[in-house]
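> My questions are about this predicted structure, shown below with the sequence.
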Amino acid sequence: LEYAELVGNRSELLLGADAKWLELASKSSKVTPVKSRSLFAMLILRSTETETRNLAASGYMETFAEVDEAERNLLENLFNRSETFSNALKIPPGIRYQLVDLALKSIDIEEATRLMSGLNTFPEGTSRFDWQLRQSRVLILGGRYEEGNQVLQNLIREYRDIEPAATDRILQVLFDLQTVNLHEYAIAHFNRLLSLEIEPKQRREILYWIADSYRGLKQFDQAALLYLQSAMLPAPDSMDPWAQTARFNAAESLQESGLVDDARRIYEELLSVIDDAARRSVLNHKIQQLWLNQSAQ
């Protein structure tokens, strides 16, 4: 700040004439980057205009050709370990985006989460969809479940250009919700996706993942129903590998819910179409277990 004031005085700049200070900082960036950074820093800290502070932050980051290890440490100490920026919300968004990237490269999810919390805009060079997807995933993995879920909810509500690849990327975040046992949230988002014009293969998969969440909630009868819907989506008598797996999980869920006869019927149906010796052995064992459990009762 002292150096910036000295430079400004030599150039006969008036405090508050932000446009002139920005112009001088930009002109100096390539020849004297320290001088330029000082001017940008002063504007970041002293300007009363949000747009000016953001422009100064952008200019500051442009003085780095690329962020090497030394410059990463500089940014860390200036913005993450400074009383001036003790609250991440005080760091200009353009710099916070860069700090988020650095934290993610270091696999520091906690730091990335702290920096990302409350960022409602998205950085230049990326799309709103990409940023929201990334933000929701980092927040969820960082334990800020409510924030991450809200970002994800907004993303799916605004999801208009339906593409299989984009839908798959959304599903990856829903799997994160399942991993941390936020099954109610996951089910709500899965159902929103089902209301969209997604391709049949993904519709079939989503029914299966919803069933997984109901199973995680120990709502076994609902899980069984959805597993069977997933199995029968192409046709009621489908027995391709996906359908076989879905039917097997349905039978297990029925067994766990106490619907033994229904579970046995599905196991026997699978036994009639499966040739693999190992899988037939598993099915026979399951059927035998059901008989033994019934006999014991």
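Looks like it arrived, so ask away. Residues are numbered from 1 along each chain as shown.
> Correct me if wrong: residue 94 contacts residue 58.
Yes - counting by CB atoms under 8 Å, residue 58 is a contact partner of residue 94 at 4.7 Å. Bear in mind the C-beta positions are built from the backbone N, C-alpha and C, glycine included.
> Look at those two and report which has more neighbours.
Ranked by neighbour count (other CB atoms under 10 Å), residue 94 and residue 58 place residue 94 first, with 21 against 15.
> show me where the stretch 101-250 of the chain has helices.
Taking DSSP state H, counting those that start in this stretch as the test, the helices found in the stretch 101-250 of the chain are 109-116, 128-141, 145-157, 164-179, 183-194, 200-216, 220-231, 241-256.
> Those: which one's closest to residue 263?
Residue 263 lies closest, by CB to CB, to one member of these: helix 241-256, at 4.0 Å.
> contact partners of the closest one?
204, 208, 211, 215, 218, 220-221, 223-225, 227-228, 230-232, 234, 239, 260, 262-264, 266-267, 269-270, 273-274, 286, 290 (CB atoms under 8 Å, 6 or more residues apart in numbering).
> Pull the residues that contact the helix or strand bottoming out on mean pLDDT in the chain.
Between all helices and strands in the chain, the lowest mean by mean pLDDT, DSSP states H and E belongs to helix 69-75, at a mean of 77. Here helix 69-75 makes contact (CB under 8 Å, 6+ apart) with 64, 67, 95, 98, 99, 102.
> With respect to residue 150, which of these is nearest?
Set against residue 150, the nearest of the contacts of helix 69-75 by CB to CB is residue 99 (22.0 Å).
> The closest one: what's it in contact with?
Neighbouring residues of residue 99 by CB under 8 Å, 6+ apart: 75, 76, 79, 80, 91, 115.
> before we move on, what about residue 54?
92, 93, 94.
> Same list, those, but as JSON lines with secondary structure and distance to residue 17 please.
Listed next are the contacts of residue 54 as JSON lines, based on DSSP: H, G, I helix; E, B strand; the rest coil; distance: CB to CB, whole Å:
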{"residue": "92", "secondary structure": "coil", "distance to residue 17": "20"}
{"residue": "93", "secondary structure": "helix", "distance to residue 17": "24"}
{"residue": "94", "secondary structure": "helix", "distance to residue 17": "22"}
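> and which of those is nearest to residue 187?
Using CB to CB, residue 93 comes nearest to residue 187 of the contacts of residue 54, at 33.1 Å.
> So for stretch 237-257, mean pLDDT?
When pLDDT is averaged over stretch 237-257, the result is 93.
> now swap in stretch 78-97 and tell me
Taken as a whole, stretch 78-97 has a mean pLDDT of 83.
> okay, how far is it across that stretch, tip to tip?
Start and end residues of stretch 78-97 are separated by 15 Å (CA to CA, to the nearest Å).
> circling back to that earlier point, and the least confident helix or strand of the chain, how far from the chain's centre?
27 Å (CA atoms, centre = their mean, to the nearest Å).
> same thing with stretch 135-145?
Computed by CA atoms, centre = their mean, the chain-centroid distance of stretch 135-145 equals 7 Å.
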